[in-house]
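Engineer: With the input below, show me the fold.
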Amino acid sequence: MKYIIEKDNEGVRLDRYLRKKLSDVPLTEIFKALRIGKIKVNNKKKKENYRLVEGDKIFIGIGNLEENEEKQEEFLILDEKDKNFLQKNIIFENEDLIIFNKEKDIVMHKGSGFEYGISEMFKSYYQTNDFNFINRIDKKTSGLVIGAKNKISTRILAEELRENNIKKKYYILVHGEIEKNKFIIENYLKKIEDKVVVTTKYDNEGKIAITYFTTIKRNKKYTLLEGELVTGRTHQLRVQLSNLGYPIVGDTRYGKKDGESILYLNSHYCEIPKYNIKIDNDLPNYFKKKLEE
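Structural biologist: Numbering: from 1, shown residues only. Presented below is the predicted three-dimensional model:
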């Protein structure tokens, strides 16, 4: 078997490329084939961490290593209402990416009882399975998410996200009056089944979570905060604030049953310096109404 690397796969590690192409083959067998020279790049032995270059030729000289083509999902059939919905909520778009303003109560991906989410809708909208959201927010959370249109931008943006080069801020409405104007929460979180809990730095499963908070407005019942994520752990804001004693309004999982059907958590700010993008949305009207109660 022979593969010629196209531009979309430039920069991908050799072992990751082979794992996709040979998904039915044990990873140990792939590593062994690399080590003994049964898999070569441009007729030379390469280590598993070799970064592919456009035009590279990969030769696989083992008969029982068979290619397993990636299954391509069938595209949804979008009507005009669906297309208008997507177009209306695209805040920014260029040839590499989009910034999409997700409404509350809409899922990002299929699963958990949903046949499709906005990710599958955009794959159909652009007619490519290469479209991917590089960050996600919960169904009940609203606000800005980043979608990559191709494999190259997916890889670049994912790396920017890992290196904390993408800045994200949230509007958060919590129960109670927080007196501090600015504060930082730094702790360790870990996932246990379907929930996230606070743990200690001595817990091997714990991951550090850091958020900067600024108080925007307060009254006796509620405090409006802006939270800037330094790390991006699952349910980070919800768990940190609940642990502090100020649960987010509408958060029935980590907070309290307050009769709210809305989670008052909105991703309003997104900055991607590498692409010279900076977007800052206004406070949603439903936040303003709640503060007036």
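
Engineer: And the contacts of stretch 149-157?
Structural biologist: 7-12, 95-98, 126, 128, 130-132, 134, 146, 148, 166, 272, 274 (CB atoms under 8 Å, 6 or more residues apart in numbering). Quick note: C-beta positions are derived from backbone N, CA and C, even for glycine.

Engineer: Name only those of these that count as buried.
Structural biologist: With burial judged by 16 or more other CB atoms under 10 Å, the buried subset of these is 9-12, 97-98, 126, 131-132, 134, 146, 148, 166, 272.

Engineer: Dump the residues you listed into CSV; add secondary structure, pLDDT and distance to F114 as well.
Structural biologist: Listed next are the buried ones among the contacts of stretch 149-157 as CSV, based on DSSP: H, G, I helix; E, B strand; the rest coil; pLDDT from 0 to 100; distance: CB to CB, whole Å:
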residue, secondary structure, pLDDT, distance to F114
N9, helix, 83, 31
E10, coil, 82, 34
G11, coil, 85, 33
V12, coil, 88, 30
L97, strand, 97, 24
I98, strand, 98, 21
Y126, helix, 96, 20
F131, coil, 95, 18
N132, strand, 93, 18
I134, coil, 92, 20
I146, strand, 97, 21
A148, strand, 95, 22
I166, coil, 95, 26
I272, strand, 97, 28
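
Engineer: May I see those residues arranged in TSV, with distance to V41 as well?
Structural biologist: Below are the buried ones among the contacts of stretch 149-157 laid out as TSV (distance: CB to CB, whole Å):
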residue	distance to V41
N9	12
E10	13
G11	14
V12	12
L97	30
I98	34
Y126	31
F131	29
N132	26
I134	28
I146	32
A148	26
I166	32
I272	33
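
Engineer: Nearest to D79, out of these: which one, please.
Structural biologist: Y126 (16.3 Å; CB to CB).

Engineer: Give the full set of residues in contact with the closest one.
Structural biologist: K149.

Engineer: tell me the strands in the stretch 101-250 of the chain, going along the chain?
Structural biologist: Assigned by DSSP state E, counting those that start in this stretch, the strands in the stretch 101-250 of the chain fall at 132-133, 142-148, 167-175, 182-192, 195-199, 207-218, 222-229.

Engineer: Output the second one as PDB, restricted to C-alpha atoms.
Structural biologist: In this case it means strand 142-148. Output of strand 142-148 as PDB, limited to C-alpha atoms (Å, rounded to 0.1, in the frame of the first residue of the first chain):
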ATOM      1  CA  SER A 142     -25.400  30.200  25.000                       C
ATOM      2  CA  GLY A 143     -22.700  32.100  23.100                       C
ATOM      3  CA  LEU A 144     -19.700  32.100  20.800                       C
ATOM      4  CA  VAL A 145     -18.100  28.900  19.500                       C
ATOM      5  CA  ILE A 146     -15.400  28.400  17.000                       C
ATOM      6  CA  GLY A 147     -15.800  26.300  13.900                       C
ATOM      7  CA  ALA A 148     -12.900  25.200  11.600                       C
END
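
Engineer: so where's the chain uncertain?
Structural biologist: Along the chain, the parts satisfying pLDDT under 70 run over 62-73.

Engineer: Which residue ranges make up the domains of it?
Structural biologist: 2-60, 80-162, 167-291 (automatic domain parsing).

Engineer: can you tell me which of the ones you listed comes nearest to E74?
Structural biologist: domain 80-162 (9.0 Å).

Engineer: and the end-to-end length of that closest one?
Structural biologist: 36 Å (CA to CA, to the nearest Å).

Engineer: thought V230 was touching T211?
Structural biologist: Yes. The criterion here is CB atoms under 8 Å, and V230 meets it with T211 at 6.4 Å.

Engineer: Compare those two (neighbour count), which wins?
Structural biologist: T211 (23 against 16; other CB atoms under 10 Å).

Engineer: Show me the beta-bridge partners of the more buried one.
Structural biologist: I185, L229 (DSSP bridges).

Engineer: Who are the contact partners of it?
Structural biologist: Taking CB under 8 Å, 6+ apart, one finds I184, I185, E186, G227, E228, L229, V230, T231, Q236, L237, Q240 in contact with T211.

Engineer: Show me which of those residues are buried.
Structural biologist: Buried, going by 16+ other CB under 10 Å: I185, G227, L229, V230, Q236, L237, Q240, out of these.

Engineer: could you list every residue that touches the third one?
Structural biologist: Okay, so that is L229. L229 touches K168, K169, Y170, I210, T211, Q236, L237, counting by CB under 8 Å, 6+ apart.

Engineer: If anything else comes up later, I'll come back, but that's it for now.
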